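In: Let's see this in three dimensions:
(chains A, B, C and D)
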Number of protein chains: 2
Amino acid sequence: MTNNDTSQTGTRVGVVGDMGTWPTGRLLATASRMVEHAWVDALDRLGLTHAGLIVLHLLQSGSMNQTALAKHARVENQTISRTLERLEREGLIEREPDERDRRRQVVTITDAGHEAWASARTLERDLMPHIAEAERFRQVLLSIIESSSAKRWEPQDSAGSPEEQNTPEQLRA
Amino acid sequence: MTNNDTSQTGTRVGVVGDMGTWPTGRLLATASRMVEHAWVDALDRLGLTHAGLIVLHLLQSGSMNQTALAKHARVENQTISRTLERLEREGLIEREPDERDRRRQVVTITDAGHEAWASARTLERDLMPHIAEAERFRQVLLSIIESSSAKRWEPQDSAGSPEEQNTPEQLRA
DNA sequence: TAAGGATACTCAGCCGGCTTACTATTTGGA
DNA sequence: TCCAAATAGTAAGCCGGCTGAGTATCCTTA
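Out: Residues are numbered from 1 along each chain as shown, chains lettered A, B, ... in the order given. Model prediction:
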């Protein structure tokens, strides 16, 4: 019943403490949160957030409309909408109506946005803790995403259509 | 503008699509969200949520106060406070003032809470997608949590103090 | 050509993280 | 003893997920 002691391996139990018995899904969520914490301060200094960073990344290859951004970021349309609102407020992106389809907004990264991205991209590399067999780990994450996101995202993304929607380039304004 | 067409039959690119180049931290966050989606429906039918499940798990080994719950769940005090509010509203836990320290609230799982937990615990096992080398994967997650959560959680948890705060048993009411 | 259906986006509201700020207690030390 | 510091918890407000609804604009087709 003692779930936190100094039993084996000399090196004490460390911060993970009693988490050894946690289900994997919860470990995943916790690890994700902890990694995010490490970024917050640095990102904050650049005037952006976790969610905004994804958008800046996606916009590197050209402007797109919001729905396309949402699909690539794997979030709902309404979520991207608010994220863009904040990025626009910070001056990192611009939105303007699409002439050819007035339902759409064309989202473009600004100069300030490019600068922020340039500063931030190294952070993602530097602040992620070093892990053994990183490539294997990434493959497992991808396989989890693949198998558990099928129902939500499959229809949009498994298409082999040569035009539209699979690469940012094809979604340029 | 058909963004949803045929031509899927081959193995193709799958849902992960362009995510191969994403930084690991973002993959982690996305995988976590996708796994959570799979649980939501089932949990909802039991009247509880992701966050509530953690609390029920922790309360299996006995009642505790809120700060202890927060530490074990690795979230802030204010976060657990609202989670408990919802669990109490659902009748899955009870809170009552601690006689010995009137600042504290003793949190106890109810019979309904035990039932919900019993139903839910199998979900966690069944809904998590099967992954190769699960144990290695868990170890990597634990090591990420360990290294990136040090600053936030170390002071509370690495203590060798034999009394107070490290195991649920020691925090019983 | 005039519906009716699809699509793009926004609004409102919930949950679960977080920070900052506050109250009420308890504890500890001068 | 008594007052300051520490601790337990709540409140308010922000971000980023989500769902459900609602508006505007295509697009299709009868």
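In: residues touching A:G91, list them.
Out: Contacts for A:G91 (CB atoms under 8 Å, 6 or more residues apart in numbering or on different chains) come out as A:T110, A:A112, A:G113. (C-beta placed from N, C-alpha, C; glycine too.)
In: which stretches of chain A aren't confidently modelled?
Out: Within chain A, the stretches with pLDDT under 70 are A:1-15, A:150-151, A:154-173.
In: So which of the contacts of A:G91 are in strands?
Out: Among the contacts of A:G91, DSSP state E puts none in strands.
In: What remains of these if I keep only buried residues?
Out: For those, a burial check counting by 16 or more other CB atoms under 10 Å in any protein chain shown picks out A:T110, A:G113.
In: Which single one of the contacts of A:G91 is nearest to DNA strand D?
Out: When the contacts of A:G91 are compared for distance to DNA strand D (CB to the nearest atom of the strand), A:G113 comes out closest, at 14.5 Å.
In: Run through the residues that contact the closest residue to that closest one other than its chain neighbours.
Out: Excluding the flanking residues, the one nearest A:G113 by CB to CB, 6 or more residues apart in numbering or on different chains is A:L92, at 3.8 Å. Going by CB under 8 Å, 6+ apart, A:L92 touches A:G47, A:L48, A:G52, A:L56, A:I109, A:T110, A:A112, A:G113, A:A116.
In: Can you list which of the residues you listed are found in helices?
Out: Using DSSP state H, the members of the contacts of A:L92 that fall in helices are A:G52, A:L56, A:A112, A:G113, A:A116.
In: Report the contact partners of the first one.
Out: With contact taken as CB under 8 Å, 6+ apart, A:G52 is in contact with A:L43, A:T83, A:R86, A:L87, A:E90, A:L92.
In: so is the third one in a helix, a strand, or just coil?
Out: To tie it back to what came earlier, the one meant is A:R86. helix (DSSP: H, G, I helix; E, B strand; the rest coil).
In: residues in contact with A:T79?
Out: Applying CB under 8 Å, 6+ apart, one finds that A:T79 lies in contact with A:A51, A:A70.
In: Phi and psi next, for whichever residue of chain A sits closest to DNA strand D.
Out: Among the residues of chain A, A:T49 lies closest to DNA strand D, at 2.8 Å counting by CB to the nearest atom of the strand. Here is the backbone geometry of A:T49 (degrees, to the nearest 10): phi -130, psi 170.
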